[in-house]
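Engineer: I would like to see how this sequence folds:
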Amino acid sequence: MEQGEDRILVEELAALGAVSGGSGRLTGLVARLLKKNAHEIDLAVPLPFDDAVQRVVGVLEGAGRAGRPAHVESDRDHEMIRVVAGGGAGGMNPVVVTALVSRGTGNRTEVKLRAAAKEGLIKQRAGEKTAARLAALLNQ
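Structural biologist: Residues are numbered from 1 along each chain as shown. Just a heads-up that it's a prediction; the model follows:
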């Protein structure tokens, strides 16, 4: 999961650098060197599995970048949902958000929420703040 996360963050930062008039390639090289701020939160959602998956997809797609649907991978007992959201000052810092939804017992579903972002000189803790914000939305 982490390698994919790093690759996505580097690609997103390189694209952001290219759009802002800089060298996307150089920005991508620098992004590889930046430290990552990641935070995980475990949740128990009081919904049956299928309903919980729909809720997580809805919350994550609402937080994700416009026009980009959530990436979903499934097997019998788990769903992995991933989006790229905006965090930090002005929502410009890409944050990879991954939710692993697992079948629980009865009408209870387990969700492991992880948010990760690259950190520059100014520590914005975009991964931590995004994880906390989305966990609060899932708990409503």
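Engineer: least confident secondary structure element in the chain?
Structural biologist: helix 24-33 (a mean of 64; mean pLDDT, DSSP states H and E).
Engineer: got the buried residues for whichever helix or strand comes after it?
Structural biologist: Next helix or strand after helix 24-33 toward the C-terminus (DSSP states H and E): strand 35-45. Using 16 or more other Cβ atoms under 10 Å as the test for burial, strand 35-45 gives Asn37, Ala38, His39, Ile41, Leu43, Val45. Yep, even glycine has a C-beta here, placed from its N, CA and C like the rest.
Engineer: got the contact list for the fourth one?
Structural biologist: When you say that, I think you mean Ile41. Each residue near Ile41 by Cβ atoms under 8 Å, 6 or more residues apart in numbering is listed here: Lys112, Leu113, Arg114, Ala131, Ala132, Ala135.
Engineer: so which bits of stretch 56-72 are buried?
Structural biologist: In stretch 56-72, counting by 16+ other Cβ under 10 Å, buried: Val56, Val57, Val59, Leu60, Glu61, Ala63, Gly64, Ala70, Val72.
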